[in-house]
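Undergrad: A predicted structure for the sequence below; I have some questions about it.
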Amino acid sequence: MEVYLATPRGFCAGVDLAVDIVKIAVEKYGKPVYVKHQIVHNPKVVDDVEKMGAITVEQVSEVPNNSVVVFSAHGSPPKDYEDAKKKNLRVLDATCPLVTRVHNEAKKYKKEGKKIILVGHKGHQEVIGTTGQSDMEIIDDRDDWVLPNYGNDEQIAVLTQTTLSVDDTSKTIKKILDSKPDAIIRNDICYATTNRQQAAIELADLTELVLVIGASNSSNCNRLRDVAIKKGVPAYLINGPEELDMDWLKNVSKIGITSGASTPEKQVQSVIRTINPKKIHNVGPGERKTIFSLPKKVKEVFSEEK
Ligand code: SF4
């Protein structure tokens, strides 16, 4: 059996940054540091940061007054910051800079009086954070959607969730432009989502089965699996070797493996060890390492007196 391993795969710059912010916060302030929402959508990463001294909560209301809280990489609505202020929390904002960019676009278009559409998945944490920035319509490509009725003099701006399917989103945008050709389109799908999907397409072309390693609530992992299935290859999303069904591998000689932007490489390697392939081939465009430095606001909080 041979394994075709996608490159790029795994942690993106936003995930690295978010995990680093929790680490630095625990070092500086001691345990516990609260994290609002899973720091990234991966249970093993959540487990790792909890072992360091973090406590994950879903709501700001669960954080004791005067504590330190890290807001997750997915971004948060303004109300969470207001609630944190009322509780005198020290907030370290680990929102990925590429999500912050979408928030800034929303605020800019709101100021300009434009109608905003967000192409995204309802209920996803990133969408909750982005829709909090301004009034906006959500178009969810999993639904049978129609564009709201806009007047001829109304200008619309279209933003997107960062972790969507590149292919499905371009179809959605085309459908919007068919009705509203003058719409401003900001395609916000991030570099990590895009290049991991490109590599998954290459994998699907070369293999009989694709395994995506990552969490079931990770948007970009789910999209990687969708990409492979659309190419006509069976694909499964598993957290690690414990979820691998050996029956899937029967009569298969070429297996593709990739992982989402929140999946630690050790999970990928443990699946490969379980499969024990004769040969491993690297597939995909490769990745120039992207690093985000600590955002200015986070640096300012870290530089305050304890
Ligand atoms: S997947 Fe993209 S938007 Fe999300 S944290 Fe990574 S780089 Fe940022």
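TA: Sure, I can see it. Residues are numbered from 1 along each chain as shown.
Undergrad: Is residue 178 located within a strand, as I assumed?
TA: No - counting by DSSP: H, G, I helix; E, B strand; the rest coil, residue 178 falls outside a strand, being helix.
Undergrad: Give the burial count for it, as a bare number.
TA: 9 (other CB atoms under 10 Å). Using the backbone N, CA and C atoms, a C-beta is placed for each residue, glycine as well.
Undergrad: quick one: pLDDT of residue 1?
TA: Residue 1 carries a pLDDT value of 95.
Undergrad: okay but it is in contact with residue 277, surely?
TA: Yes - Residue 1 is in contact with residue 277 according to CB atoms under 8 Å; the separation is 5.0 Å.
Undergrad: Apart from its chain neighbours, what residue comes closest to residue 297?
TA: residue 93 (6.0 Å; CB to CB, 6 or more residues apart in numbering).
Undergrad: can you pull the contacts of that neighbour?
TA: Contact analysis of residue 93 by CB atoms under 8 Å, 6 or more residues apart in numbering lists 70-71, 76, 295, 297-298.
Undergrad: Dihedrals phi and psi, it?
TA: phi -90, psi 110 (degrees, to the nearest 10).
Undergrad: Look up which residues are beta-bridged to it.
TA: For residue 93, the beta-bridge partners under DSSP bridges are residue 71.
Undergrad: returning to what we had before: of the contacts of residue 93, grab the buried ones for ChimeraX.
TA: Remark: buried members of those, expressed as a ChimeraX selection using 16 or more other CB atoms under 10 Å:
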select :70,71,76,295,298
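Undergrad: tally of neighbours for residue 90?
TA: The burial count for residue 90: 17, using other CB under 10 Å.
Undergrad: just the one 5 residues further on next, same as before
TA: The number of residues packed near residue 95 is 25, by other CB under 10 Å.
Undergrad: Next, the contact list for residue 238, please.
TA: Neighbours of residue 238 in contact, by CB under 8 Å, 6+ apart: 211-213, 244, 271.
Undergrad: Which pair of those residues spans the longest distance?
TA: 212 and 244 (11.9 Å; CB to CB).
Undergrad: Which one's more surrounded, these two?
TA: Using other CB under 10 Å as the criterion, residue 212 and residue 244 rank with residue 212 on top: 29 against 18.
Undergrad: can you list the residues of the stretch 201-306 of the chain near the ligand?
TA: Within the stretch 201-306 of the chain, the positions near the ligand by CB under 6 Å from any ligand atom are 220, 261.
Undergrad: Next one: the spatially closest residue to residue 120 that is not a sequence neighbour, what pLDDT does it get?
TA: Using CB to CB, 6+ apart and skipping residues adjacent in sequence, the residue nearest residue 120 is residue 161, 3.5 Å away. On pLDDT, residue 161 comes in at 98.
Undergrad: Over to the one 3 residues further on?
TA: Predicted confidence (pLDDT) for residue 164: 97.
Undergrad: Tell me, how many residues neighbour it?
TA: With other CB under 10 Å as criterion, residue 164 counts 25.
Undergrad: Secondary structure of it: a strand, I assume?
TA: No - going by three-state DSSP, the assignment for residue 164 is coil, not a strand.
Undergrad: residues in contact with residue 248?
TA: Counted by CB under 8 Å, 6+ apart, residue 248 has contacts 209, 234, 236.
Undergrad: try 10 Å
TA: Residues near residue 248 by CB atoms under 10 Å, 6 or more residues apart in numbering: 209, 211, 234-236, 238, 255.
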